[in-house]
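> A predicted structure for the sequence below; I have some questions about it.
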Amino acid sequence: MTVTVVEAPPGPSVPPPAPVPAPRRPARPRLLPDRPQLIGAALAITAALLLGLLLDLGPLGGLRHLRDHESGYAELRASLAAGTVPIGQLDKDGRPVVPGTPVALLEIPQLGLREVVREGTAGGVLESGPGHRRDTPMPGQAGTSVLLGRQAGFGGPFGVLRSLRAGETFTVTTGQGRRDFRVVAVRRAGDPVPAPPRTGWSRVQLVTGEGPLYAPSGTLLVDADLVDAPDTEDDVQPANPRPLTAAALPAAERAMGTDGAAWIPLVLWGEALLLAAVALALAWVRWGRAQAWTVGVPVLAALALAVADQVAQLLPNLI
C-alpha cells in the first residue's frame with residue numbers, strides 16, 4: 001500500500017529575535033558647577049557686597065546708631081550717677097580709657113541733636129555716634145576740645161551742623177557738670193581760626209565732613225566758646241594730663257582718617273563670603289536653584305554686611 005505524505009503549506013517566516021542591548025552604565029552625577037553657576041556665584045558676591053555696603057552706611061547703619069545711642073545713654077547716666085565718667089585720657093584706675101566709652105552728652109536743641117559722645121574718633125567708634133579726640137581736653141576744660149562726627153553714614157549725626165549760626169548756644173554734659181557753649185564761627189578747613197577770649201579759656205570744636213553726601217571733599221568746623229558766667233574763672237576746669245599727644249595720635253583718629261587695621265578682618269570675612277558663594281554654586285548643582293537660593297541668600301547677606309562694615313572703616317571716618 002502506498003502512503004502519500006502531504007506537506008503542509010509553508011507559513012510566514014519568523015524573524016530571529018532582536019539582540020538584547022547591553023545595559024548602559026548610569027550617568028555619573030555632576031559634582032562641580034558649570035559656567036552658569038560660577039557666573040551666578042560671582043554676581044551673587046558682587047551684588048551682596050554692594051547691597052551690604054549701601055545698607056550698612058544707610059538704613060541699617062542708622063538703626064544701629066539709634067540702638068548704640070540708647071545703650072550709650074543708659075551707660076552714661078549710670079556712670080554720671082556713680083561719678084565714674086572719665087574726665088581725661090585715664091580712668092579712675094589709671095588705665096587708658098577704652099575707645100568707645102561714653103564720656104559726654106551733646107545737646108543742640110535748635111537742630112534736634114542729642115548725641116552721646118564716646119572716647120576716640122576712629123571709624124569704628126564713629127559708627128556709634130560722635131567721638132572725642134583723645135589728644136584734646138574734655139569739654140569744659142582749659143583748651144580746645146575736638147569732637148568728630150559723621151556727615152551722612154551711620155545716621156549722619158553731624159550732618160546738620162552747617163545749619164548752626166554764630167551766637168547760637170548748645171550744651172555739653174561731662175563728668176564735671178553741664179556747660180553751655182556759644183558758637184563763634186562756622187568755617188571750613190583753612191579758614192582763619194577765631195582767637196580765644198583769653199588764655200586758659202575753654203572751647204569746643206565740632207568737626208564733620210564737607211561736600212557731597214558720602215563723598216566729602218573737606219571738613220566743616222564749628223567753634224564754640226564757653227558761655228560767660230558770674231564765676232567764669234571757676235567754670236573752666238584744668239585739663240588733665242594727656243599722655244597721648246597730638247603727634248602720637250593714630251592717623252585713623254584724625255579728621256578724614258582711615259583705619260588700616262580693618263584690612264585683616266576684611267580679608268577673613270571676605271574669604272568666608274567667597275567660600276559661602278562657592279557652597280551656593282555647589283548647592284545649586286546638588287539641590288536645585290530654588291533650594292540653593294533659599295538657604296544661601298540669608299548667609300550671603302549676613303557675611304556681606306560683615307564685609308561691608310570693615311570696608312566702611314577703610315573709608316574716611318567723617319563720611
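Yep, that arrived.
> all helices of the stretch 1-150 of the chain, in order?
Using DSSP state H, counting those that start in this stretch, the helices assigned to the stretch 1-150 of the chain run over residues 35-57, 59-82, 123-126.
> need the ones you listed in a markdown table (columns: distance to residue 204).
All C-beta spots, glycine's among them, are computed from the backbone N, C-alpha and C. What follows is those, written out as a markdown table (distance: least, C-beta to C-beta, whole Å):
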| stretch | distance to residue 204 |
| --- | --- |
| helix 35-57 | 27 |
| helix 59-82 | 17 |
| helix 123-126 | 17 |
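> export the host helix or strand of residue 185 to PDB, keeping only CA atoms.
Assigned by DSSP states H and E, residue 185 belongs to strand 177-188. Output in PDB follows, covering the C-alpha atoms of strand 177-188 (Å, rounded to 0.1, in the frame of the first residue of the first chain):
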ATOM      1  CA  GLY A 177      29.000 119.000  85.000                       C
ATOM      2  CA  ARG A 178      26.900 120.700  82.400                       C
ATOM      3  CA  ARG A 179      28.400 123.500  80.400                       C
ATOM      4  CA  ASP A 180      26.900 126.000  77.800                       C
ATOM      5  CA  PHE A 181      28.800 127.000  74.700                       C
ATOM      6  CA  ARG A 182      28.200 129.800  72.200                       C
ATOM      7  CA  VAL A 183      29.000 129.400  68.500                       C
ATOM      8  CA  VAL A 184      31.600 131.900  67.400                       C
ATOM      9  CA  ALA A 185      32.300 130.600  63.900                       C
ATOM     10  CA  VAL A 186      31.100 128.100  61.300                       C
ATOM     11  CA  ARG A 187      34.000 127.600  58.900                       C
ATOM     12  CA  ARG A 188      35.900 125.300  56.500                       C
END
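> output the contacting helices and strands for that strand.
For strand 177-188, the elements it packs on are strand 169-174, strand 202-210, strand 218-226, judged by 3 or more C-beta pairs under 8 Å, 6 or more residues apart in numbering; DSSP states H and E.
> partners of the first one in the sheet?
Just to be clear, that refers to strand 169-174. Note on strand 169-174: by DSSP bridges, its sheet partners are strand 102-108 (antiparallel), strand 177-188 (antiparallel).
> mind listing what's buried in the first one?
What it means is strand 102-108. Residues of strand 102-108 classed as buried: 102, 103, 104, 105, 106, 108 (neighbour count, 16 or more other C-beta atoms under 10 Å).
> what residue ranges in this structure score low on pLDDT?
Where the chain drops to pLDDT under 70, the residues are 1-41, 44-45, 48, 229-234.
> about what we covered before: any idea which of the helices of the stretch 1-150 of the chain gets closest to residue 198?
helix 59-82 (29.7 Å; C-beta to C-beta).
> give me the angle between the closest one and strand 169-174.
Here the directions of helix 59-82 and strand 169-174 differ by 60 degrees (axes from the mean of the first three to the mean of the last three C-alpha atoms, to 10 degrees).
> excluding sequence neighbours, find me the nearest residue to residue 98.
With C-beta to C-beta, 6 or more residues apart in numbering as the measure, residue 119 is the residue that lies nearest to residue 98, at 7.2 Å, once sequence neighbours are left out.
> quick one: residue 146 and residue 205 touch, right?
Yes. In this structure residue 146 lies within contact range of residue 205 using C-beta atoms under 8 Å: 4.9 Å.
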